[in-house]
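> predicted model, plus sequence, below.
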Number of protein chains: 2
Amino acid sequence: MNQQGMLADALRQQIIDGAFAPGSRLSESAIAEHFGVARNTLREAFRALSEQGLLEHVPHRGVSVASPSIADVIDIYRARRIIECTALLHSEPEHPAVQRMEEAVVAAEASAQDALLDDTETWRAVGSANMAFHVALVSLADSPRLARTYRDLAAELRLAFLKIDDPRSLHEPFVRKNRAVLDTFLTRGAQAGAAELERYLVQSERVVLGAFARMQLA
Amino acid sequence: MNQQGMLADALRQQIIDGAFAPGSRLSESAIAEHFGVARNTLREAFRALSEQGLLEHVPHRGVSVASPSIADVIDIYRARRIIECTALLHSEPEHPAVQRMEEAVVAAEASAQDALLDDTETWRAVGSANMAFHVALVSLADSPRLARTYRDLAAELRLAFLKIDDPRSLHEPFVRKNRAVLDTFLTRGAQAGAAELERYLVQSERVVLGAFARMQLA
DNA sequence: CGAGCAATATTGTTCAACAACTTTGTTTCC
DNA sequence: GGAAACAAAGTTGTTGAACAATATTGCTCG
């Protein structure tokens, strides 16, 4: 792959991992030096990530890590409901992606077992597994464009999670819910699974919005 | 706005208008000179359009105008059905975007009236109006992310249309169908409108796929 | 005619410089 | 003291040239 492709991926990972706080500004020269590339090269990577919604670019003021607002969260969940529920509703249990969903659920359950009460890092691993579950779910639709759109949405949502400092409440309740969605889909069919998934997403949105509201009070 | 922002927009418009045939390669130096900008600046614009799916970038082989395959068309229509039908289904007739839909239908009807049998340019105007109708329809959902995704989808689909040299069969049947979708939505409600829209999209997909199939024979 | 190789052209990346703009800090005036 | 005007500093935007890395073309030779 390209250097700038790898560069964009590396930056993407760092941002998702919370190396830079949402909203913080990224200096071109500083980051270019940090990665040992020229400013021009870094700019191309920046542009790619801006298109994906991870960075925000304001002319002559540079790029900052996106910092989703409440409106953004609402929008993201609306899109999630549409994409995920439709994908699941039209799917067959024999689809190979089902196995990836299964694996993601197992991984999440394992990490959640290990997690101490406030071990941010482990809870974030739970979050990663949860996200892998939903990415796999979307890939049930076999639609590259839908998958890509969803990937961008998920990355943005992750930034919203980073703003909240109680990762446990964000991830723990949903390990069991993922399992429920999967089991319902397998035993009671696509329609029941999609309904379960819709409930999941409504509740998840409520948790995130609640955390945001509390944040703005403080 | 930025120079590169304007540059990307200008390029975008030219591509959508068919200034470069789908699949044709775009030389960096030639285009940079044509627009009177440096290669580096052009590259940033290229990257933006690649992210939107309008250009295809292959390392060390440069960028070409995307040339949607049959699989791409199928994928695009799947995404269209999901986004458009959901948007319409959850909408109210009082939404301001309804007026934009109305205007687009009127414009399409007017252009179709003027069009001679094989006047490519006028039929393309009909296509633009048709597309404006669907963009307005998606904006019923008041979701920036959905709107953005749909905009990219529509641009890609337009490239598929450019590959087909019978613009009339592509656009003419759908002027009346747009009208039908709008009227059904207004008189018989969201659910009936969404059903009408779904039929529309299925038929439109069939027309495009048929044209592609005939193309591959020749 | 085809394989291998050299020549050519294009893209990938860097660097240095300057222009355009924003932000910050200072001065001035009320 | 506070607000407006202005100067200074810092960052981003864009350019042009240069060289490296890779793909394509054309040629030679068997």
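On my side now, so go ahead. Quick caveat: nothing in here was measured; it's all calculated off a predicted structure.
> shaky segments in chain A?
A:1, A:116-117, A:218 (pLDDT under 70).
> contact residues of it facing DNA strand D?
A:25-29, A:39-40, A:43, A:57, A:59-63 (Cβ under 7 Å from any atom of the strand). C-betas here are computed from N, CA, C, even on glycine.
> could I get those residues as JSON lines with neighbour count, secondary structure and distance to A:Ala147?
Below are the residues of chain A next to DNA strand D laid out as JSON lines (neighbours: other Cβ atoms under 10 Å in any protein chain shown; DSSP: H, G, I helix; E, B strand; the rest coil; distance: Cβ to Cβ, whole Å):
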{"residue": "A:Arg25", "neighbour count": "13", "secondary structure": "strand", "distance to A:Ala147": "31"}
{"residue": "A:Leu26", "neighbour count": "17", "secondary structure": "strand", "distance to A:Ala147": "27"}
{"residue": "A:Ser27", "neighbour count": "11", "secondary structure": "coil", "distance to A:Ala147": "33"}
{"residue": "A:Glu28", "neighbour count": "14", "secondary structure": "helix", "distance to A:Ala147": "31"}
{"residue": "A:Ser29", "neighbour count": "9", "secondary structure": "helix", "distance to A:Ala147": "35"}
{"residue": "A:Arg39", "neighbour count": "12", "secondary structure": "helix", "distance to A:Ala147": "32"}
{"residue": "A:Asn40", "neighbour count": "14", "secondary structure": "helix", "distance to A:Ala147": "31"}
{"residue": "A:Arg43", "neighbour count": "21", "secondary structure": "helix", "distance to A:Ala147": "27"}
{"residue": "A:His57", "neighbour count": "17", "secondary structure": "strand", "distance to A:Ala147": "25"}
{"residue": "A:Pro59", "neighbour count": "10", "secondary structure": "coil", "distance to A:Ala147": "31"}
{"residue": "A:His60", "neighbour count": "5", "secondary structure": "coil", "distance to A:Ala147": "35"}
{"residue": "A:Arg61", "neighbour count": "9", "secondary structure": "coil", "distance to A:Ala147": "33"}
{"residue": "A:Gly62", "neighbour count": "14", "secondary structure": "strand", "distance to A:Ala147": "31"}
{"residue": "A:Val63", "neighbour count": "21", "secondary structure": "strand", "distance to A:Ala147": "26"}
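> between those, which is nearest A:Ile15?
A:Leu26 (9.1 Å; Cβ to Cβ).
> and that closest one, how far is that from DNA strand C?
15 Å (Cβ to the nearest atom of the strand, to the nearest Å).
> what does A:Ala180 give?
In terms of Cβ to the nearest atom of the strand, A:Ala180 sits 45 Å off from DNA strand C.
> helix/strand/coil for that residue?
Look at A:Ala180: counting by DSSP: H, G, I helix; E, B strand; the rest coil, its state is helix.
> if I read this right, it contacts A:Glu196, doesn't it?
Yes: assessed by Cβ atoms under 8 Å, A:Ala180 is found in contact with A:Glu196 at 6.0 Å.
> the more surrounded of those two?
Ranked by neighbour count (other Cβ atoms under 10 Å in any protein chain shown), A:Ala180 and A:Glu196 place A:Glu196 first, with 20 against 17.
> pretty sure the more buried one sits against A:Val181.
Yes: counting by Cβ under 8 Å, A:Glu196 does reach A:Val181; the two are 5.0 Å apart.
> burial measure for A:Ala129, as a count.
Around A:Ala129 there are 22 residues (other Cβ under 10 Å).
> what does the helix or strand hosting it contact?
According to DSSP states H and E, A:Ala129 maps onto helix A:120-139. Here helix A:120-139 makes contact (Cβ atoms under 8 Å, 6 or more residues apart in numbering or on different chains) with A:18, A:80, A:83-84, A:87-88, A:97, A:100-101, A:104-105, A:107-108, A:111-112, A:114-116, A:146-147, A:150-151, A:154, A:158, A:161, A:167-168, A:170-172, A:174-175, A:178, A:181-182, A:197.
> since that was my last question, I'll sign off now.
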